[in-house]
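Undergrad: Curious how this folds, go ahead:
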Amino acid sequence: MTDASVHHHHDDHGPAPGLLRWVFTTNHKDIGTLYMLFALLMFFVGGAMAMMIRWELFEPGLQVLDPHKFNQMTTMHALVMIFGAVMPAFVGFANWQVPLMIGAPDMALPRMNNWSFWILPFAFAMLLSTFFMEGGAPAAGWTIYPPLVLQGGDHFPYLIFSIHLMGISSVMGAINIIVTIFNMRAPGMTLLKMPLFIWTWLITAYLLVAAMPVLAGAVTMLLTDKYFGTTFFSAAGGGDPVMYQHIFWFFGHPEVYIMILPGFGIVSQIIPTFARKPLFGYESMVYATASIAFLSFIVWAHHMFTVGMPLTGELFFMYTTMLIAVPTGVKVFNWVATMWKGAMTFETPMLFALAFVILFTIGGLSGLMLAITPVDFQYHDTYFVVAHFHYVLVTGAIFAIMAGVYYWLPKWSGRMYDERLGKLHFWCSTIFVNVLFFPQHFLGLAGMPRRIPDYALQFTDWNMVSSIGGFAFGLSQLIFVFIVLKCITGDGERAGDEVWEGAEGLEWTLSSPPPYHSFTEAPQVK
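TA: Predicted structure coming up:
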């Protein structure tokens, strides 16, 4: 169908008026936009909780939160950021870009697509409503370990049901992506010609389908332990709380790859565009992604080195965890090789992608440290772990999301964002995110435990530095909101057909292997 006939076709029925259009939409772009805006809102809700945590930790003693409220903040901050900000943002990217990048008219299951989004506001309304209940929100950590979580009051069934809803939403979104990619590619687009973003999302979707039901099983067992007299996780009835840890982390480790693989895909689209040469080692990138996905299911107990596993078990999980460094390293080297001798320019998306490569690697290296079983006994449950996973999730996943938003916002909104403000947002974010999280490595190595609202005097200085970085990083994100609002309200110059100077047609050809005749050498910058 031509553009004209598409518009004509829509006029026959007339779009639903005003707000109802957003409620009933089955259009992948509308749904992608809803996901992105919801993720942005949750990013600030989760960020407010992080601010409370850093405020409390600014100095020793108890200032603003009692220990119970502090643990509510750590628990809810994590649940909101993971299931409310990072995952919906990536699903928003998938909705917008998957049909466009494979040449499909829409997602395969458009009405299910609408439902997978609209479940989310209700799931989070339920989760956040627990703050107003007797006994308050859940305070057992995002891992909701028994027996701690089973002492919870009124919030407990709300927590479990909201997690079920998030899982249903994720699984439906994942099935939709798988079906779309397999059934709706343009003629001639074989699997190994798909843009890397499509590959990473296809693999991520399989992780979601495999991992989310495991979490559903774990929280259902918690529910029956509390209300139906089962003793899955109670030693008194022949159960074992450590079994919960095994089931949870069998979901939890694939989950952390669910939160980074689409980011790998976004960065693999951006770097070739601004280096103006094809992605180095396209096929090895695909196989590396698949290897990471496979390995993610056999490393889970590295989260549990301190529970008293047999030595053989600890060795198995140590070696498999270290093995993941190989495909991840392949990716990092391929990104660097792509930039090597390229005609690089440094627009905002490229800046975020570059920061991603450098800072995500720091998170990867501290992860390798944590994989070493004997030393993990020292690192475990300290701020070193907090520093590690925030380098992976903030300078990793969230920086990739930022990079992707700047990269595709002109395509989505038809307007160019303010490049000067974009660079300002980048530099503020990058400087302050390091002021926020780097000192936490020092605190952890010095022995400061995580999830504790008070601490010994010797930890004061670095906590103050970290908190200042935290407040500044949080405030920096207001620049981002301003930039996005400017774009979507139609303020700013129109984006032409060719958004990125000199990257003519590159977004398509560079994301899949190049045609035979071109790219013999990098084009010269004008």
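Undergrad: Would you enumerate the residues in contact with Ala236?
TA: Under the criterion of CB atoms under 8 Å, 6 or more residues apart in numbering, Ala236 has no neighbours. For the C-beta atoms, the positions are set from N, CA and C on the backbone; glycine is no exception.
Undergrad: Tell me which residues touch the residue lying closest to Met52 once chain neighbours are set aside, please.
TA: Excluding its sequence neighbours, the residue lying closest to Met52 (CB to CB, 6 or more residues apart in numbering) is Met73, at 5.0 Å. For Met73, the contact set (CB under 8 Å, 6+ apart) comprises 49-50, 52-53, 56, 65.
Undergrad: tell me the mean pLDDT over the helix or strand in which Gly92 is found?
TA: Per DSSP states H and E: Gly92 is located in helix 87-102. The average pLDDT for helix 87-102 rounds to 97.
Undergrad: Stretch 46-54 too?
TA: Stretch 46-54 comes out at a mean pLDDT of 98.
Undergrad: ok, and for it, which residues are buried?
TA: For stretch 46-54, burial by neighbour count (16 or more other CB atoms under 10 Å) applies to 46-47, 49-54.
Undergrad: helices or strands up against the helix holding Gly92?
TA: Helix 87-102 makes packing contacts with helix 28-56, helix 110-129, helix 155-183, helix 196-227, helix 261-275, helix 399-413 when contacts are defined by 3 or more CB pairs under 8 Å, 6 or more residues apart in numbering; DSSP states H and E.
Undergrad: got the angle between the second one and helix 28-56?
TA: Helix 110-129 runs at 20 degrees relative to helix 28-56, counting by axes from the mean of the first three to the mean of the last three CA atoms, to 10 degrees.
Undergrad: CA-only coordinates of helix 110-129 in PDB, if you can.
TA: The C-alpha trace of helix 110-129 is given here as PDB (Å, rounded to 0.1, in the frame of the first residue of the first chain):
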ATOM      1  CA  PRO A 110      -1.900  -5.800  17.200                       C
ATOM      2  CA  ARG A 111      -4.800  -6.200  19.600                       C
ATOM      3  CA  MET A 112      -2.800  -8.300  22.000                       C
ATOM      4  CA  ASN A 113      -0.200  -5.600  21.700                       C
ATOM      5  CA  ASN A 114      -2.700  -3.000  23.000                       C
ATOM      6  CA  TRP A 115      -3.500  -5.300  26.000                       C
ATOM      7  CA  SER A 116       0.200  -6.000  26.900                       C
ATOM      8  CA  PHE A 117       0.700  -2.300  27.300                       C
ATOM      9  CA  TRP A 118      -2.500  -1.500  29.200                       C
ATOM     10  CA  ILE A 119      -1.900  -4.200  31.800                       C
ATOM     11  CA  LEU A 120       1.100  -2.200  33.000                       C
ATOM     12  CA  PRO A 121      -0.500   1.000  34.500                       C
ATOM     13  CA  PHE A 122      -2.800  -1.300  36.500                       C
ATOM     14  CA  ALA A 123       0.100  -3.500  37.700                       C
ATOM     15  CA  PHE A 124       2.000  -0.500  38.900                       C
ATOM     16  CA  ALA A 125      -1.100   1.200  40.400                       C
ATOM     17  CA  MET A 126      -1.400  -1.900  42.500                       C
ATOM     18  CA  LEU A 127       2.200  -2.100  43.400                       C
ATOM     19  CA  LEU A 128       2.500   1.600  44.300                       C
ATOM     20  CA  SER A 129      -0.800   1.500  46.200                       C
END
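Undergrad: Let me know the average pLDDT across that helix.
TA: Rounded mean pLDDT across helix 110-129 is 98.
Undergrad: List the buried residues of it.
TA: So, applying 16+ other CB under 10 Å, buried residues of helix 110-129: 110, 113-114, 116-120, 123-124, 126-128.
Undergrad: Helix 87-102 and that helix, what's the angle between them?
TA: For helix 110-129 against helix 87-102, the angle by the same axes, to 10 degrees is 160 degrees.
Undergrad: contacting residues around helix 110-129?
TA: With contacts defined as CB under 8 Å, 6+ apart, helix 110-129 is touched by 23-28, 31, 34-35, 38, 42, 45, 76, 79-80, 83-84, 88, 91, 95, 107, 137, 158-159, 161-163, 165-166, 168-170, 172-173, 175-176.
Undergrad: between it and helix 155-183, how many degrees?
TA: Between helix 110-129 and helix 155-183, the angle comes out at 160 degrees (the same axes, to 10 degrees).
Undergrad: One more: the first one?
TA: Using the same axes, to 10 degrees, the direction of helix 28-56 lies 140 degrees away from that of helix 155-183.
Undergrad: Could you name the helices and strands sitting against helix 28-56?
TA: helix 18-24, helix 67-79, helix 87-102, helix 110-129, helix 399-413, helix 460-488.
Undergrad: same thing with the fifth one?
TA: Contacts of helix 261-275 with other secondary structure elements, assessed using 3+ CB pairs under 8 Å, 6+ apart, are made with helix 87-102, helix 196-227, helix 282-295, helix 311-339, helix 348-371, helix 399-413, helix 506-509.
Undergrad: Now those in CSV, please, with extra columns for mean neighbour count and distance to Ser476.
TA: Shown next, in CSV, are these (neighbours: other CB atoms under 10 Å; distance: least, CB to CB, whole Å):
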stretch, mean neighbour count, distance to Ser476
helix 87-102, 25, 17
helix 196-227, 21, 26
helix 282-295, 19, 30
helix 311-339, 17, 25
helix 348-371, 21, 13
helix 399-413, 24, 11
helix 506-509, 18, 28
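Undergrad: I'd like these as TSV, with distance to Tyr257 appended.
TA: Shown next, in TSV, are these (distance: least, CB to CB, whole Å):
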stretch	distance to Tyr257
helix 87-102	12
helix 196-227	6
helix 282-295	6
helix 311-339	9
helix 348-371	12
helix 399-413	13
helix 506-509	26
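Undergrad: Comparing those helices by mean pLDDT, which bottoms out?
TA: For the helices and strands packed on helix 261-275, mean pLDDT drops lowest on helix 506-509, to a mean of 47.
Undergrad: Ramachandran coordinates for the residue nearest to Lys411 when sequence neighbours are not counted?
TA: Once flanking residues are discounted, Lys411 sits nearest to Val499: 6.6 Å by CB to CB, 6+ apart. Backbone torsions of Val499, given as degrees, to the nearest 10, read phi -70, psi -50.
Undergrad: How much space separates Val499 from Tyr417?
TA: 10 Å (CB to CB, to the nearest Å).
Undergrad: Same check on Gly152?
TA: 43 Å.
Undergrad: swap in Trp22?
TA: If you go by CB to CB, the gap between Trp22 and Tyr417 works out to 23 Å.
Undergrad: of those two, who's got more company?
TA: Applying other CB atoms under 10 Å to Trp22 and Tyr417 shows that Tyr417 carries more neighbours, namely 25 against 17.
Undergrad: can I assume that one sits in a strand?
TA: No - Tyr417 is assigned coil when assessed by DSSP: H, G, I helix; E, B strand; the rest coil, not a strand.
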